[in-house]
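J.: Sharing a model prediction with you, sequence too.
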Protein chains: 4
Amino acid sequence: MAKLAILGSGFISDFYAKTLLGNRSRDEIVVVYSRNEQKAKRFAKTHSIPRWTTTMSEAINDPEVELVVNGLPNNLHLNSTLACAEAKKGILLTKPLGRNAEEAHQMLNSVEKARDFSGYLEDLVYTPKTMKSIQSVKQGALGRILWARSREAHPGPHSDWFWDKEQSGGGALLDLGCHCIEIARSFIGKDIKPLEVMCWADTQVKPIEAEDHAIGLVKYQNGAIGQFEVSWSFRGGMDLRDEVMGTEGTIWLNHFLRTGFEMFTAPGNVGYVAEKAESESGWVFPVGDEEVELGYVNMFSEMLKCYEDGTSPTETFYDGYIVNEIMDACLKSAKSKKWEPVQLKTWRGLDSVEKLSKLINYDDQHYLIKEEKLPNGSIKVILKHKVSGKIIQIEK
Amino acid sequence: MAKLAILGSGFISDFYAKTLLGNRSRDEIVVVYSRNEQKAKRFAKTHSIPRWTTTMSEAINDPEVELVVNGLPNNLHLNSTLACAEAKKGILLTKPLGRNAEEAHQMLNSVEKARDFSGYLEDLVYTPKTMKSIQSVKQGALGRILWARSREAHPGPHSDWFWDKEQSGGGALLDLGCHCIEIARSFIGKDIKPLEVMCWADTQVKPIEAEDHAIGLVKYQNGAIGQFEVSWSFRGGMDLRDEVMGTEGTIWLNHFLRTGFEMFTAPGNVGYVAEKAESESGWVFPVGDEEVELGYVNMFSEMLKCYEDGTSPTETFYDGYIVNEIMDACLKSAKSKKWEPVQLKTWRGLDSVEKLSKLINYDDQHYLIKEEKLPNGSIKVILKHKVSGKIIQIEK
Amino acid sequence: MAKLAILGSGFISDFYAKTLLGNRSRDEIVVVYSRNEQKAKRFAKTHSIPRWTTTMSEAINDPEVELVVNGLPNNLHLNSTLACAEAKKGILLTKPLGRNAEEAHQMLNSVEKARDFSGYLEDLVYTPKTMKSIQSVKQGALGRILWARSREAHPGPHSDWFWDKEQSGGGALLDLGCHCIEIARSFIGKDIKPLEVMCWADTQVKPIEAEDHAIGLVKYQNGAIGQFEVSWSFRGGMDLRDEVMGTEGTIWLNHFLRTGFEMFTAPGNVGYVAEKAESESGWVFPVGDEEVELGYVNMFSEMLKCYEDGTSPTETFYDGYIVNEIMDACLKSAKSKKWEPVQLKTWRGLDSVEKLSKLINYDDQHYLIKEEKLPNGSIKVILKHKVSGKIIQIEK
Amino acid sequence: MAKLAILGSGFISDFYAKTLLGNRSRDEIVVVYSRNEQKAKRFAKTHSIPRWTTTMSEAINDPEVELVVNGLPNNLHLNSTLACAEAKKGILLTKPLGRNAEEAHQMLNSVEKARDFSGYLEDLVYTPKTMKSIQSVKQGALGRILWARSREAHPGPHSDWFWDKEQSGGGALLDLGCHCIEIARSFIGKDIKPLEVMCWADTQVKPIEAEDHAIGLVKYQNGAIGQFEVSWSFRGGMDLRDEVMGTEGTIWLNHFLRTGFEMFTAPGNVGYVAEKAESESGWVFPVGDEEVELGYVNMFSEMLKCYEDGTSPTETFYDGYIVNEIMDACLKSAKSKKWEPVQLKTWRGLDSVEKLSKLINYDDQHYLIKEEKLPNGSIKVILKHKVSGKIIQIEK
């Protein structure tokens, strides 16, 4: 059983509290902090939390509190983390870690210096589908991973501060790209070094300063490519999909809009359909249990177990820092219009890895390029001569 | 926090234990019973259960035990329930309630007489998709429900006793039909009386006595139809789908084979794909978190909350009894080859309900039958004269 | 090259004409008949047909006409067929063949006596997906067929005469069931005798005399079951799906609402989405090329080739007659509330066929019932002793 | 009726011939050319073509031939086009137009100078789904187009010459990227100028010189982005999908692997499943009618109609040339690792177009950024002050 403080009373904190206290939970939130008194009170009441405060340090230093769950806006991540470190309290912090790699590195150092327990709340790595997929990939179901695309696109975030670059630190890239980058990294291998990035970003629709649409490629040392696509101007709901391509297989994940739950409703009295759903009548696509499908349940379950066991969770401040560095390089690339190196102040993975090639012997003299069944039923084989390099085909 | 005994150490008990102790559960299983010592030991070890026994009454009467979770084969449901009632212990019993309505009614009476807490572990009514769908239907998203199809088909159950009619009490109809019937009932309205049934059942493939394939219709007092399709000889995995049709809308649920998780794997090192998956290479369709998707998490969460609150869960022994009566009528119909009445010894829903019709006024003289946009862009309207009954069409 | 007359100028005749003259067709429609002069003229103009008439016999007896394509309402099928037979003109007639088996048998006899070419325009057997599926089934991809479900449900037909029982001869069963029954027959084997049927039919929603919803089972001599589900009160578009279950495999076909074409449109300026689409904004599901996807292109292509080659098409008046007999039995069953025999005045398939069972040897002493991989990775095998019949399980 | 010569007897020529002569075609292929006598004979026999030759000019100059359908390998496109121009014969040429923009421009000039009819056989713009989608986009169903992703990935081409850079002129980018680029262009608007490109390309798997995987972005003058993803090392079949994102809507097209046709087959006697299918047992995903679904039927139908009517088809040599220029810039970018300009020697679209922004008035003082329904049922609105630029939120 863990005793928790929660910082923040917005959309994400609400999701966190519902998850932490959901089902048959043994855990307890003992205090909530919000700078807005009314919201703090309402939040405490909704979730039956005994205490509330409008003073952050009061929540953090509450003697009963072991761990702080932090759902504050991006501009408050650094200070709240430093406060936790100072108070020697463990911290679970929402994504992205920092508004930039500079902040993130400072946060990483502070929690590690304080030897506090820390977790990076990257929920989308913890969805049931993603966890099972990553496990299959580790077992070799897809062979060597070549490419991982992660896409998160919706009609824009639900709180004012996201849209204000000062508070949020950025646009769709920072808000959503952090998810996509870490998902691709998890499939490609978190010990494989990200080398360089290429990114496009633009403000195509919304009357804001930051980008509302960005696409990027992250090149890893083994030649694999992580691809992210993020947008705040997608129409149709929340598009949350991943695709992974390996030498021996493929994975397609659809986390939200097509999960085997389809409804046509003429009147549209469906209630809440799903996060960022755009229509309430006609064909709609609800999600069964959002807290499960978005990974919150698995995430907190693992984080709190690790806290109790004294082990390290799958997603740590170190991962958050790596992601921030990749995003910084992306923003640079969006401006410079060329590939930019990822410059890691701290790296704990493999230092070098070979770029593998895969020559399949067909016979003594030839490599196999491919074989395929044709419409007429025959098999065509494409071969490359081992010495001359000449490419031939045989029909069987 | 609830202290539980678990009866049985097979496939379903394993699912139950994993769910009850999963995530951050506050609950505890204090003893497990299995008639097989080796299995009892192994089960206790796997789930860190302090005590095991090969004597059922020892588990039930364990002084620490408040509630008994019962995952035993069908032929043991009656006796174990009577034992719980005698011991004044609450009971949560797996489906189907009895091998027939006679047994089920006896069980219903015994737990009600003992005033014990009782729950019917009909998990598929508790899947996140089903719960959200039922809620939408209650809010009117689909208008009046006309038809609900529930299908469960797979290549056959995992334990020997299912295939032995003496122990199981029946075939695919009893094993799977109980799910489908209760799902349809939940959509149509559990207070609407089931009047009569028509059922086909046959042993098409398997070398067994009982049916391995059955299809049935259940007619409700308001004219709605519940349709079930169950099979032990389906190929391709576990086909678990529901379809609901209302005057104003439609719901399609796919719980297993198409949930937005698709994998192609040439080598096939995927690990456990999903319950009753049939292939391990090529295109496979794993399920994210089976305990969630099959409803176990929501089911136990609600059951244990109701136990603590002293309220009644969604699925009770009474529901299990109704389902057994419907299945008995189905088996009768399969033999008599005609519609057979559902004869309820106990009924607590509405005694009568009008069969509604729906006349939509188009203008003073006509009812609207339908309107549709044609390929050429015009709108065709079909009308019925209120007095003459004559049907005409207008093109707009 | 074929010279054709077309009878009728409604929705279906329009589809026929577009298909017959579409793409790079070598065929020609030389005359159109409609009892309504304005419609006849408009139809001729739309499709560049040189002649039109309001006298049916004029079209049939037009000296240039070789073949008559008949898209008239059901109550005119018999007389127009007799007129073609008398005029010694080939006929391609829309479904259902007759309003009942009596009419259908008379039509079958008349065209066969006149030795004219005749085709039954059952388009849904000719969809690209259905044709390829039937071919796979014939090659053994699914083993022995156990069950075929065909579903056609939509919000109701587009012309007034469908809704008037005198003209149409019936309701949703006659209109849509004829498709579903022939599709199931095509998968199960058209030489396998349909023995008996069980059918439910009701008028749940529409203010009409005939049923707007019907469900039925057709039992074939080899034990296979054809299942149809038809409705004129479905909401959400046109639901056109088939499912086939064999001892070795499964086929799922979705012909309309989920074909890999998905659109979200806030304004809804999509134009014509698809036949019987119900919504024009939000998520909509258009169909690529309806004439192809609904089987019209393949159907006319085969029919006209057979006409030129002097061979028999896949779908003949004989097939239409069999379907009418099955539907008559269904209507009888809907009233009698029991299984009713299919009484065939003419049958040209197999007279008897064994109901196969399938015993798979596991070892000398046991038959295999099933095997399955469990979550813990072990394999469980269920066996039946050949002599004692005892069922056991082994875990490997 | 058109009289055609066909150049080439490989996989693509076979598809072309089947399509041209399929259904009730009025057209005729009078001669086939292949440099290999045996293949020429076999091709002529298969498709009932009266004449065959191993001399290309003989086929082109055949006096009966009006139009030449050219399915030759890439390295023969230029010379065969020049030969057609000299012979004053119309030409329909397979994709890509040239091995590079230099060749393509020469070909464009030669056919235009000769005033011959010419068509660029970009079939994937003609799939039924794509054509209907483009029409919807033109009608405004999606608002302003922001992004179009087109993906073609499969396990590699079926003929040896594709894999030999000398003959093919390139790798996956040239082979597949030409499709994807033109699809995106068709959605974004073919009169909108492509300005610059960014491309990554690598040889990750196959033992070849050219790239087997490439990803690129094409920036258009109105700010829209075309994205292509092509690979010869995808596993699971042929992945052919498009996604389009507009300010008011979204389109998702799946042309091959998920089209509503799903089969599980244990024995795997399915016959030919689909082009580049990788598995023949387990779950497989056939395609109904490949010639239709891949656009061949619509493409030739339009091309030959335009030829007869003296009009210009949707896809011309000019389009092929633009695509070649974009691909040349992509190859340059893959090496330079930065955005590269698209340098068009010929441009016939708009010279300039404004990059539109979209300010939606909420009230006199605010622009609307977005509104969304929250889980608790309230509506949150995000606004931007017109003067101060301050962003606020209101909860309704």
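T.: On my side now, so go ahead.
J.: For residue A:314, grab the count of nearby residues.
T.: Under the neighbour criterion other C-beta atoms under 10 Å in any protein chain shown, residue A:314 is assigned a count of 19. (C-beta placed from N, C-alpha, C; glycine too.)
J.: State the distance from it to chain D.
T.: 27 Å (C-beta to the nearest C-beta, to the nearest Å).
J.: does residue A:78 count as helix, strand or coil?
T.: helix (DSSP: H, G, I helix; E, B strand; the rest coil).
J.: Pull the contacting residues for it.
T.: Applying C-beta atoms under 8 Å, 6 or more residues apart in numbering or on different chains to residue A:78 gives the contacts A:98-99, A:103, A:106-107.
J.: what pairs with whichever residue of the stretch 201-350 of chain A sits closest to chain D across the strands?
T.: Across the stretch 201-350 of chain A, no residue is closer to chain D than residue A:338, which sits at 3.6 Å (C-beta to the nearest C-beta). Per DSSP bridges, the residues bridged to residue A:338 are residue D:338.
J.: ok, back up a step: among the contacts of residue A:78, which lie within helices?
T.: A:103, A:106-107 (DSSP state H).
J.: Any part of stretch A:221-231 near chain C?
T.: No: residues of stretch A:221-231 are not located near chain C by C-beta under 8 Å from any C-beta of the partner chain, the shortest gap being 13.7 Å.
J.: that older thread, now a PyMOL select for only the buried ones of the contacts of residue A:78.
T.: Here is the PyMOL command that selects the buried residues among the contacts of residue A:78 (16 or more other C-beta atoms under 10 Å in any protein chain shown):
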select buried, chain A and resi 98+99+103+107
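J.: can you give me the helices for the stretch 51-200 of chain A?
T.: Per DSSP state H, counting those that start in this stretch, the stretch 51-200 of chain A has helices spanning A:56-61, A:77-87, A:101-113, A:128-138, A:165-168, A:172, A:178-188. These are given in chain order.
J.: check contacts around residue A:110.
T.: Taking C-beta under 8 Å, 6+ apart as the test, what residue A:110 contacts is A:81-82, A:85.
J.: Give me the secondary structure label for residue A:332.
T.: Per three-state DSSP, residue A:332 ends up helix.
J.: That one against residue A:340, yeah?
T.: Yes: using C-beta atoms under 8 Å, residue A:332 is in contact with residue A:340, at 4.6 Å.
J.: These two: which is more packed in?
T.: Taking neighbours as other C-beta under 10 Å, residue A:332 and residue A:340 compare with residue A:340 leading, 20 against 16.
J.: Touching, that one and residue A:329? I think so.
T.: Yes: the pair residue A:340 and residue A:329 passes the contact test of C-beta under 8 Å, sitting 4.7 Å apart.
J.: Report pLDDT for the residue lying closest to residue A:75 once chain neighbours are set aside.
T.: Excluding its sequence neighbours, the residue lying closest to residue A:75 (C-beta to C-beta, 6 or more residues apart in numbering or on different chains) is residue A:167, at 4.7 Å. Per-residue pLDDT puts residue A:167 at 90.
J.: Next, count neighbours for residue A:167.
T.: 16.
J.: Could you do the one 4 residues further on as well?
T.: The burial metric for residue A:171, expressed as a neighbour count using other C-beta under 10 Å, is 28.
J.: That one touches residue A:202, doesn't it?
T.: No: the criterion here is C-beta under 8 Å, and residue A:171 misses it with residue A:202 at 9.9 Å.
J.: Can you name the residue of the stretch 251-396 of chain A nearest chain B?
T.: Nearest residue of the stretch 251-396 of chain A to chain B (C-beta to the nearest C-beta) works out as residue A:288 at 3.0 Å.
J.: Sketch out the low-pLDDT regions of chain A for me.
T.: Scanning chain A for pLDDT under 70 picks out A:356-358.
J.: Now residue A:345: closest residue in space, sequence neighbours ignored.
T.: Nearest residue to residue A:345 in three dimensions, chain neighbours excluded: residue A:105, at 5.5 Å (C-beta to C-beta, 6+ apart).
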